[in-house]
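In: need the 3D shape of this:
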Amino acid sequence: MVTVKPANEEARVVALEKYAILDTDPEQSFDDFTLLASYICKTPIALISLVDEDRQWFKSRVGMDARETSRDIAFCSTAILQPDVFVVPDALADERFRDNPLVTSDPHIRFYAGAPLINEDGYALGTLCVVDRAPRELVPDQKDALKTLSRLVLCQLEFRRNLILLKEALTDRTKEEHERQRELVHVQETLMRVMGIRH
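Out: Next up, the predicted model:
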């Protein structure tokens, strides 16, 4: 399978890295979204997949043990090229995917639907996707719900990134305050020595 990359690929990967989320531990706030996606779309598998230079890594997963797969075989690599939900009703009937190892062997994907996670700068970071081992379709309400959940996943990504930036800013400010306090003590001690004052 030949991986087609977005035109803004280099900037997209840089944008993804700024979220400082790759290879982090599971978080309940993200797991709730995959659980809801699986329930609403009635699929055994749901994933929050983030696509970096050479892999898709799962921030959250329901019904799948793997933490990542090669980008070369990832359905999400195609989904991030789309502005809307990307649906593959039957992977065995789709020439782009029928020989894919994820179709011909475990987890035996037959159905895939992925809503791209597109940030405010227009970078597709990954997808919220649902997967089944049998061919099928999403009804319009399920597709709308998947899009809605993908927007909420993106909001959670932004919230998490802003929280990290805020903590870093507070840490820097605390360090600056400690440094100023040390300088002030040093100046006071120097003045006291010059004036011959003892503690």
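In: doesn't residue 133 make contact with residue 44?
Out: Yes - proximity of residue 44 to residue 133 meets the contact threshold set by C-beta atoms under 8 Å, at 6.8 Å. (C-beta placed from N, C-alpha, C; glycine too.)
In: with adjacent residues omitted, what lies nearest to residue 75?
Out: residue 112 (4.6 Å; C-beta to C-beta, 6 or more residues apart in numbering).
In: look up which helix or strand that neighbour falls in, please.
Out: Per DSSP states H and E: residue 112 is located in strand 111-118.
In: for that strand, the distance to its chain's centre please.
Out: Relative to the chain's own centre, strand 111-118 is displaced by 12 Å; criterion: C-alpha atoms, centre = their mean, to the nearest Å.
In: ok, now which ones touch residue 135?
Out: Residue 135 makes contacts with 89-93, 110-111, as judged by C-beta atoms under 8 Å, 6 or more residues apart in numbering.
In: isn't residue 21 right up against residue 52?
Out: No - judged on C-beta under 8 Å, residue 21 makes no contact with residue 52 at a distance of 10.5 Å.
In: which SS class is the residue positioned nearest the centre of the chain?
Out: Residue closest to the mean C-alpha point of the chain, counted by C-alpha atoms, centre = their mean, is residue 50 at 4.4 Å. Of the three states, residue 50 takes strand according to DSSP: H, G, I helix; E, B strand; the rest coil.
In: verify the stated contact: it with residue 61.
Out: No - look at residue 50 against residue 61 with C-beta under 8 Å: they stay out of range, at 11.7 Å.
In: next one: residue 135 from residue 75, what distance?
Out: Relative to residue 75, residue 135 is positioned 14 Å away (C-beta to C-beta, to the nearest Å).
In: go on, residue 118?
Out: 17 Å.
In: now residue 185
Out: Going from residue 185 to residue 75 by C-beta to C-beta gives 61 Å.
In: have a look at these two and say which one is more surrounded.
Out: For residue 185 versus residue 75, the count of surrounding residues by other C-beta atoms under 10 Å is larger for residue 75: 26 against 10.
In: contacts only, for the more buried one.
Out: 86, 88, 91, 97, 100, 102, 109, 112, 114, 129, 131.
In: many thanks, we can stop here.
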